[in-house]
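In: A predicted structure for the sequence below; I have some questions about it.
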Amino acid sequence: MRLAWVLLVLALAGPARADDPDFLAFGAGGFDVNDDESTFQGRIEYRSDHRLLIVRPMAGVMATGDAGFYGYGGVLLDLFFGRRWVMTPSFAVGGYVEGGGKDLGGILEFRSAIEIAYRLDNRARLGLAFDHISNASLYDENPGTESLVLIYAIPLD
C-alpha cells in the first residue's frame, strides 16, 4: 500500500525546476511534539542547487529551547505540483547533543523529513516541515522524536 502512494505522488509530481538556486532556509517550531519533553526549536539549513542524479545536498543546524543541538548533512528532492507547490522529502545524518533536553540515546542520529511549501514569485518558499529523528537502534535506547516546523527558504542568487 505504501508503495502505491509513493508511485502516485511521483506520477503527479513534476520535475525539479532547473532554475531554482541555492536556498538558505530558516525554521521555527516545536521539538518533540509527540512526547512530554516538547520545547521550541530553531534551525538554519543550506540547500545547494547542485544535483547528484535527482537529489541535492543540504546541511543544517538545529537548536532546542533546552540547549539541545543537532548538526546534520544529507540529501533532498524537490517534487513540484504545478508552479507553486513543492514537496521536499529529505534524509540526513548528524550529531546530536541533548543539552538539558531529551536524550535520544546517542550522538549519531538520522533525520527523515517531509516539507510542503508554497513557492513565491521571487522563488522564496514558505512551508511546513515534519521530521523524525532517531538513532535507528544503534544504541540501547532509541526513543526518537518528531518536530513540526514553519520554514522560510530564501533563494541565494
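Out: Received it, and whenever you're ready, just let me know what you need. Residues are numbered from 1 along each chain as shown.
In: Make sure R119 is actually in contact with V86.
Out: Yes - R119 sits in contact with V86 when judged by CB atoms under 8 Å, with a separation of 5.6 Å. (C-beta placed from N, C-alpha, C; glycine too.)
In: show me what contacts F91?
Out: F91 sits next to 74-76, 110-113 when contact means CB atoms under 8 Å, 6 or more residues apart in numbering.
In: Widest-spaced pair of the residues you listed?
Out: The most widely separated members of the contacts of F91, counting by CB to CB, are L76 and F110 (14.4 Å).
In: Just say helix, strand or coil for the most centrally placed residue in the chain.
Out: Geometric centre of the chain, nearest residue: A113, 4.4 Å, by CA atoms, centre = their mean. Secondary structure, DSSP: H, G, I helix; E, B strand; the rest coil: A113 is strand.
In: Can you give me the distance of it to I133?
Out: Separation of A113 from I133 (CB to CB, to the nearest Å) stands at 9 Å.
In: and if you look at T64?
Out: Remark: distance between T64 and I133 (CB to CB) = 11 Å.
In: Settle it for me: which of the two has more neighbours?
Out: T64 (27 against 24; other CB atoms under 10 Å).
In: how close does that one get to A124?
Out: 26 Å.
In: and the host helix or strand of L148, what's its mean pLDDT?
Out: Using DSSP states H and E, L148 sits in strand 145-156. On average, the pLDDT along strand 145-156 is 97.
In: contacts for that strand?
Out: By CB under 8 Å, 6+ apart, strand 145-156 touches 20-35, 41, 43, 47, 102, 104, 115, 117, 122-134.
In: Helices of the chain, start to end?
Out: For the chain, the helices defined by DSSP state H cover 2-12.
In: could you pull out the strands for it?
Out: Applying DSSP state E to the chain gives strands spanning 22-31, 39-47, 56-64, 69-76, 79-81, 85-97, 108-119, 125-134, 145-156.
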